[in-house]
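Undergrad: predicted model and sequence follow; I will ask about them next.
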Amino acid sequence: MVDTCAAEFEAKTPYFYSTFDSENESIPTTDKKKVIVLGSGPNRIGQGIEFDYCCVHGLLAIKEAGYEAIMVNCNPETVSTDFDMADKLYFEPVFWEHLEEIIELEKPEGVIVQLGGQTALKLAETLHKKGIKIIGTSFANMDLAEDRGAFSDLLKALDIPYPDYGVADDVDEAIRIANKVGYPVLVRPSYVLGGQSMRIVINDQEVERHVLSIFKHMPENKVLIDHFLDRAKEAEIDAIFDGEDIHIMGIMEHIEPAGIHSGDSSAVLPTYSLSVDAVATMVEHAEKLARALDIRGLINIQFAIKDNKVYVIEANPRASRTTPFIAKAYKVPYLKYATLVMLGTHKLKDFDIKPQPSGYAIKVPVFSFEKFPNVDKQLGPEMKSTGEEIRYIKDLSDPFFRELDRNRSMYLTR
């Protein structure tokens, strides 16, 4: 147990870290059922601090529902790792080797992986194989959303448009697929964080070069090749589904065109230039996917809109970077509601959800290029921002928005 009182008097903080020793100072309680929340680990480029907001509000909801809330995370700069936020905090790397012993000691009812971003979600498979309950969406359905081949088959079955794609295990296959789906193509490794190693490429030589680089650094990964919808608009939906009803938290339209990572894009809530038909189609696709994936809790779906046709790019069965943004903009405790839905203690109809929109809210990415002078500053599918800020405007005549929209026009004319 961490001595937060510097030995001046007895510390009673539920704040623990592991050592190689025979003594155990973490004494599990026996009077309450427990739920473990996995955090997002150290903050770094490609993974925003927004997930910490999700974890904090998840912990508060778990305690409100009568469970003992246990946090596993290892970042001293986050609120979720304040010693008094959870009933018990394990200041540990979010790796299975550390989590396994915590689970053996605490014997929780289950583990929540939807709040800690991709880092937490990656542990779902191991938890499933070990027979540990995942609270919220099942592993099988989360994996269906993450597996590009299976997910595309699902989209086809639901009659939802998506960019043509292929999955390659070697360079020759990657080149063949790129020619089949048509250039330009988006080349990326599977199961990565923040668009790591994603590139838009335009010929066989670039495909060969980039695929070889991926296999060199990630030999276990497959390579995904998608037809890139050039000059398309991009938008995303965040929603909560409880098995019966869906609630669309918000629809955000990116100012930059498709091809810029969503974490690096300025985005407007609600949409500002999409047609009524396009927005209605997005909502329809979101509900179809939430039902087909049997979501319990949160889902984020990203769309590309070209010639007023709506394509689904991907679905994330977890909290996204934009979930806290929408909650703040609309003044609704969405993470609390989503966590209670995951726990199964509440349905959406139990909540009196009344968003309070006020004009438009703009998500503006924050970059730290001055700290990294040698980094390529050109934006693309690999995330480079280190945070975001929120800007409220009354209407689209606001000079701040007009300047951002002008920048978008510059992208489209390059």
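TA: Noted; the coordinates are in hand. Numbering: from 1, shown residues only.

Undergrad: please make it C-alpha for all contacts and neighbour counts, starting now.
TA: Will do.

Undergrad: run through who's touching the helix or strand harbouring F303.
TA: If you go by DSSP states H and E, F303 is part of strand 297-306. Identification of contacts with strand 297-306 by CA atoms under 8 Å, 6 or more residues apart in numbering yields 114, 136-137, 229, 231-242, 258, 278, 282, 286, 290, 310-320, 338-339, 341-342.

Undergrad: write a PyMOL command that selects only the buried members of those.
TA: To isolate the buried members of those in PyMOL, using 16 or more other CA atoms under 10 Å:
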select buried, resi 114+136+137+229+231+232+233+234+235+236+237+238+239+240+241+242+258+282+286+290+310+311+312+313+314+315+316+317+318+319+320+338+339+341+342
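
Undergrad: next step: the contacts of strand 297-306 restricted to strands.
TA: 233-241, 310-316 (DSSP state E).

Undergrad: of all these, which two lie farthest apart?
TA: The most widely separated members of those, counting by CA to CA, are K233 and F241 (25.8 Å).

Undergrad: show me where the stretch 301-414 of the chain has its strands.
TA: Taking DSSP state E, counting those that start in this stretch, the strands of the stretch 301-414 of the chain run over residues 309-316, 360-366, 387-393.

Undergrad: run me through the strand neighbours of the second one, direction for each.
TA: So that's strand 360-366. Note on strand 360-366: by DSSP bridges, its sheet partners are strand 267-269 (antiparallel), strand 387-393 (antiparallel).

Undergrad: next, the buried residues of the longest one.
TA: Taking 16+ other CA under 10 Å as the basis for neighbour counts, the residues of strand 387-393 that come out buried are 387-388, 392.

Undergrad: just to revisit the earlier point, want to throw the strands paired with strand 360-366 into TSV with mean pLDDT?
TA: Output for the strands paired with strand 360-366, formatted as TSV (pLDDT from 0 to 100):
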stretch	mean pLDDT
strand 267-269	94
strand 387-393	89
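
Undergrad: break this protein down into its domains, please.
TA: Per automatic domain parsing, the structural domains of the chain span 15-135, 164-227, 233-413.

Undergrad: what's the closest of those to T4?
TA: Short answer: domain 15-135, nearest of the domains of the chain by CA to CA, at 8.8 Å.

Undergrad: and the end-to-end length of the closest one?
TA: Domain 15-135 has its terminal residues 23 Å apart, counting by CA to CA, to the nearest Å.

Undergrad: from K107, how far out is L123?
TA: 17 Å.

Undergrad: tally of neighbours for the closest residue to K133 other than its chain neighbours?
TA: For K133, ignoring the flanking residues on the chain, the nearest one in space by CA to CA, 6 or more residues apart in numbering is G110 at 4.6 Å. By other CA atoms under 10 Å, 19 other residues sit near G110.

Undergrad: okay, and the beta partners of G110?
TA: Beta-bridge partners, per DSSP bridges, of G110: V35.

Undergrad: pretty sure it contacts L38?
TA: No: G110 lies out of contact with L38 (CA atoms under 8 Å); the separation is 11.0 Å.

Undergrad: just put the strands of the stretch 301-414 of the chain in TSV and tack on distance to I160.
TA: Converted to TSV, the strands of the stretch 301-414 of the chain look like this (distance: least, CA to CA, whole Å):
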stretch	distance to I160
strand 309-316	7
strand 360-366	28
strand 387-393	31
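
Undergrad: ok, back up a step: any chance of the buried residues of strand 387-393 in a markdown table, plus distance to A69?
TA: Formatted as a markdown table, these follow (distance: CA to CA, whole Å):
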| residue | distance to A69 |
| --- | --- |
| G387 | 27 |
| E388 | 28 |
| Y392 | 34 |
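
Undergrad: closest to T19 among those residues?
TA: The closest of those, once distances to T19 are taken by CA to CA, is G387, at 32.9 Å.

Undergrad: who's that closest one bridged to?
TA: Beta-bridge partners, per DSSP bridges, of G387: V366.

Undergrad: bridging residues for the nearest residue to A290 once chain neighbours are set aside?
TA: Nearest residue to A290, sequence neighbours excluded (CA to CA, 6+ apart): F241, at 6.5 Å. Legend: beta-bridge partners of F241 under DSSP bridges are I246, G297.

Undergrad: so F241 is in contact with A286, correct?
TA: No: F241 lies out of contact with A286 (CA under 8 Å); the separation is 10.0 Å.

Undergrad: any shared contact partners between those two?
TA: Between them, F241 and A286 share no contacting residue, judged by CA under 8 Å, 6+ apart.

Undergrad: let me know the pLDDT of T345.
TA: Listed pLDDT for T345 reads 95.

Undergrad: centre of the chain to stretch 139-154, how far?
TA: Counting by CA atoms, centre = their mean, to the nearest Å, stretch 139-154 is centred 15 Å from the centre of its parent chain.
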